[in-house]
Each structure stands twice: as C-alpha cells, then as structure tokens.
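Novice: How does the following fold in three dimensions:
(2 chains)
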Amino acid sequence: MLVAFLYDDVAGEPAGRALFEIHLETCARCQNEIAALRSVRTQLAHWSPPEPSFLVTSRQSAVASPQLPAVGQASWWREIPVWAQVAAALLFLGLSAGLANLDMRYDQNGLSVRTGWLKAVSQPGPPLLAPSAPIAPAAVARSGGPAEPWRADLAALERQLKAELRAAQVSAATSAAHPQPVRATTDADVLRRVRALLDESDKRQQRELALRVAEVMRDVNLQRQADLVKIDRTLGVVQSTLGVEVLRNRQKMNQMDILYRASQRQ
Amino acid sequence: MTWTDEELVARSISGDSDSFNELVLRWERPIYALAYRTIGREEDARDVCQETFLRAFRALPGFRGQAKFSSWLYRIALNLCRDWMRRERRAQVVQPAEDVDLMELAAAAEPSESIEDLVARKDLTRLVERAMALLPEEQRTAIVLKEYHGLTFQEIAELVGCPLSTVKTRLYQGLIVLRRELAKNTKATL
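Specialist: Got it, this is the predicted structure:
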C-alpha cells in the first residue's frame, strides 16, 4: 500500500488508501519512509536522457520510403542553441568591423560610415546618408583626395543614378506624350562598375591589412627587445646588490673571527 | 483534427503512410527515452527506437487492438532492450561519462540557470544514472515505466507479464536500493 500511496495509484482500492492515511497519521516510521521515498523520486526526476539528434522534425521526413518508417536527420546547426548562433554572429560582425576599422558616426551632417586603416582619423568625412544635403563633388575630393580615387567614382556613379532616376520620373509623367529617353548606360553597366569598385575596395583592404599586420609584428619585436634590455639591467642591479651583501657578510665574519681569536688569547 | 492512436493505426493499415508518420512523431521520444533509460547508451537506444518502429510497421496488419497501441509499442521496445542486454551480456546499463564537457554543459543550460546550478544538476543526473545501473533489470524496468512513463501498476503488470503485487514489490525494492545508493553517492561527492 505504501508504494501505491506514494504514486497515488490506488485504482480499485480507495478504501485501502483511506485506511493507510489514517495509519500514516500515527505511524512515524511510515511517515519517514514516505518522505524518504518522495525525496528519491525528486532526485529521479532530474534524470533526463540526452536529446537525440535523429528525431523526426517534420511530417514529410518521417517516412522516407513506403517500406521503412525512417526518421529524419536534423541539420547539425539546429543542434546548436540559438544563443550560441547569435553570439557567433555578433562575434563575427565585431571581428569584421574591427578588422575593417569600421567607423560609424551620426551627427548633424547625417550618418557617415567609413572603413580602412589608412584614412586620417581626425579628418571628418562626408556623410553617406544626408537626406537634405546631397554630397558635393568638392567635399568628396577633399575627403578622399588622390589616395581614394574610388570616392570620385562613387560620386560620379551617384550623380549618374540620380540623373537616371530623374529621367525615369520625367518619363513616367510624360510617358503618354513623349517617347522614352535613351539611357546613357544600361543596368548591366552600372552593375559592372559597382562590382569593379567593390573588387578594388577588397584589394585595398587586403593590402592595408597586410601592412597593419607587418606594423603590429614590428611593434611586438621592438617591445620584446625593450623588455629584454630592461630585464638585463634589472638582473645586473640584483647581481651587484647581491655582491655588495656578500662582501659585507665576509667583512663581518672576518671581524667576528678576529674578536673570537682575541678572546681566546685572553 | 487530432486522431487517436487507434484511429491512426487503422488508417495506417489501410495504406495511409502519413498516419504512421504521425504515430512515429507522437511516440518516438517516449520510446527513445525508455530505451535509453533501460540500456543506457544513446547510440544503442537510437537503434532500438528505430528498430521498434520498424517492427511495429511490419507487424501493424496483425495488430488487433487488444491492448493500447502505446502498450504494444512499449512491449516491442522492452523486448528489443532485453535482447540487446542479453546479446551484450550487460547487467550494468548506464555508463555515464566521467569528464564534463563544458560546451555541452553550456548548451544544456536553461535560460535562467546559473553554471553552478547546471553543474549540480549534471552531477545529480550522473548519480541517478549510476544508482539506476545497479538495479536488477526487473526493478529498473518497473521504475522506469512508473516513474518516467506514468504507467499504472496494472499496465506495467500486463506489459512485463507478472502479477500486480510483483510490480509493486519490484518498484519498492528498487526505490530502497536507489535511496541507499543516492545517499551514499551524495555523501561521497560532498
């Protein structure tokens, strides 16, 4: 009855349960037994099997063939918890931004995003997104200079795109009355130019990264050499201090020896 | 619409493979858990689980509904576990890993669980696994079916083919052994 009471599985013997409850009120031994077994059950509740990777995840994957009730194979990345995936994505973005020396700024000029290691940090760049103030070619030239020819290309590309947009708007408004204006360049051309710009940017980033790595290596070597020199000097000081101490000790011992002999003679 | 197991079985017998898929989806976790707690190895529990559904699929036309589908499935799984243990000559079922994989631990963490709580939970799991491994097969089966699958004493008795009183005795004896072993191991780890 004790086990049946413990699991509340007293089907067919409700009277037995009532009797046991009455007994339990007066029997300390049974009370202790029930308490101990409940504690064991609490501990048992902590045992859960490892999450299987083979479980069926969709109705479609449950039966792969009409003969076998096959089970689907979950993708390996689904086993990685969501928080770990998010952390990995953030880490990747952070590393990428750090590697590219990404500089994002939002001020009265609008949002500006810059990248690269060779740019002057203190030199303010033109805002990329300034709705009320379009980028002037002079500003682009000032910011980019001869070292950044792609800025001029980008500005030219932007002007071209704006011109095309305006032309498209005009043509939409007057499409019934006027024929379509001939486009200076096709979309494929624009795409090609954008790709070329991106390729050039990639190459420049790689060059700058290599340069940066070389600089870091040089700095590390310099620091190492400086540290070695410092350690060498410190060791020299310690050695000289130790030598002085040894000499002093010898002198004291000699004096004690002299005193000892003098006392022996007396 | 949610079909009962018996309705899904009937539809499966008449050739509706989606219905059997539904049964697999519904019962694969309990069957896997039963196999794992009985034989203690994830890989083998997985094999037993798959083999259980394979056998059930093949034997489905012969299922007449004398018992519940779940009981029938449990019986197939328990027979397979018994065969596995006989084949492997294993009395000890669970071999918990001694080392702690921190990545695995971190992945298993509940959102509101600290690492200390997590380690404590893993330690307790290991203690329970070791204690369960010491039980004779009959006691272990009775405890697993009652404790983790919520079967009634009557269902367990029918499943393992023994009197109801025997099931209760096995369960009680098993709990006594577990109480002793868990207390011993808990003291040892402190």
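Novice: Just the helices from chain B, written as ranges.
Specialist: B:5-13, B:17-39, B:42-59, B:69-88, B:102-108, B:115-133, B:137-143, B:153-160, B:164-189 (DSSP state H).
Novice: Find the nearest non-adjacent residue to B:Y172, please.
Specialist: A:V3 (4.8 Å; Cβ to Cβ, 6 or more residues apart in numbering or on different chains). To be clear about C-beta, it is placed using only N, CA and C from the backbone, and glycine gets the same treatment.
Novice: any chance of the helices of chain B in TSV, with mean pLDDT too?
Specialist: TSV is the format used below for these (pLDDT from 0 to 100):
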stretch	mean pLDDT
helix B:5-13	90
helix B:17-39	92
helix B:42-59	92
helix B:69-88	91
helix B:102-108	56
helix B:115-133	82
helix B:137-143	93
helix B:153-160	92
helix B:164-189	87
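Novice: ok, B:L159 - how many residues close by?
Specialist: For B:L159, the count of nearby residues is 21 (other Cβ atoms under 10 Å in any protein chain shown).
Novice: Can you tell me which residue sits nearest the middle of chain B?
Specialist: B:L34 (1.2 Å; Cα atoms, centre = their mean).
Novice: got the domain boundaries for chain B?
Specialist: For chain B, the structural domains run B:5-88, B:102-189, going by automatic domain parsing.
Novice: Ok, which of these comes nearest A:V40?
Specialist: With Cβ to Cβ, the closest approach to A:V40 among the domains of chain B belongs to domain B:102-189: 4.8 Å.
Novice: any idea how far that closest one is from the chain center?
Specialist: Centre-to-centre, domain B:102-189 and its host chain are 10 Å apart (Cα atoms, centre = their mean, to the nearest Å).
Novice: which of the residues in stretch A:20-30 are buried?
Specialist: By neighbour count on 16 or more other Cβ atoms under 10 Å in any protein chain shown, the buried set for stretch A:20-30 is A:F20, A:L24, A:C30.
Novice: and the gap between the last one and chain B?
Specialist: In other words, A:C30. A:C30 is 13 Å from chain B, where distance means Cβ to the nearest Cβ, to the nearest Å.
Novice: Without its sequence neighbours, what residue ends up closest to that residue?
Specialist: Closest residue to A:C30 apart from its sequence neighbours, by Cβ to Cβ, 6+ apart: A:L24 at 5.4 Å.
Novice: Would you mind pulling the contact partners of whichever helix or strand the one you found is part of?
Specialist: In this assignment (DSSP states H and E), A:L24 forms part of helix A:14-26. Residues outside helix A:14-26 that contact it (Cβ atoms under 8 Å, 6 or more residues apart in numbering or on different chains): A:M1, A:L2, A:A4, A:F5, A:V10, A:C30, A:Q31, A:I34.
Novice: for the stretch 101-250 of chain A, what spans make up the strands?
Specialist: Assigned by DSSP state E, counting those that start in this stretch, the stretch 101-250 of chain A shows strands spanning A:103-107, A:110-114.
Novice: Please identify which residue in chain B comes closest to chain A.
Specialist: Nearest residue of chain B to chain A, counting by Cβ to the nearest Cβ: B:N21, 3.4 Å away.
Novice: Just give the number of residues close to that residue.
Specialist: For B:N21, using other Cβ under 10 Å, the count is 22.
Novice: Quick check: it vs B:E28, distance?
Specialist: 10 Å (Cβ to Cβ, to the nearest Å).
Novice: now do A:V10
Specialist: 32 Å.
Novice: higher neighbour count, these two?
Specialist: A side-by-side neighbour count of A:V10 and B:E28, using other Cβ under 10 Å, places B:E28 first with 23 against 16.
Novice: From what I see, that one and B:C49 are in contact.
Specialist: Yes: when contacts are counted by Cβ atoms under 8 Å, B:E28 is listed as touching B:C49 (6.2 Å).
Novice: Tell me the helices and strands packed up against whichever strand or helix holds A:Q255.
Specialist: Using DSSP H and E, A:Q255 maps to helix A:187-265. Packed against helix A:187-265 by the contact rule (3 or more Cβ pairs under 8 Å, 6 or more residues apart in numbering or on different chains; DSSP states H and E) you find helix A:149-173.
Novice: Between helix A:187-265 and the helix it packs on, find me the angle.
Specialist: Interaxial angle, helix A:149-173 versus helix A:187-265 (axes from the mean of the first three to the mean of the last three Cα atoms, to 10 degrees): 150 degrees.
Novice: Using neighbour counts, pick out the buried residues of helix A:149-173.
Specialist: Applying 16+ other Cβ under 10 Å to helix A:149-173 flags A:W150, A:R151, A:D153, A:L154, A:A155, A:L157, A:E164 as buried.
Novice: Equivalent analysis for stretch B:22-33, please.
Specialist: B:E22, B:L23, B:V24, B:L25, B:R26, B:W27, B:E28, B:P30, B:I31, B:Y32, B:A33.
Novice: Repeat that for stretch B:49-59.
Specialist: B:C49, B:Q50, B:E51, B:T52, B:F53, B:R55, B:A56, B:F57.
Novice: Out of the residues you listed, which are close to chain A?
Specialist: Restricting these to those near chain A by Cβ under 8 Å from any Cβ of the partner chain leaves B:C49, B:Q50, B:F53, B:A56, B:F57.
Novice: got the residues you listed as TSV, with distance to A:L209 columns?
Specialist: Below are these laid out as TSV (distance: Cβ to Cβ, whole Å):
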residue	distance to A:L209
B:C49	51
B:Q50	50
B:F53	54
B:A56	60
B:F57	58
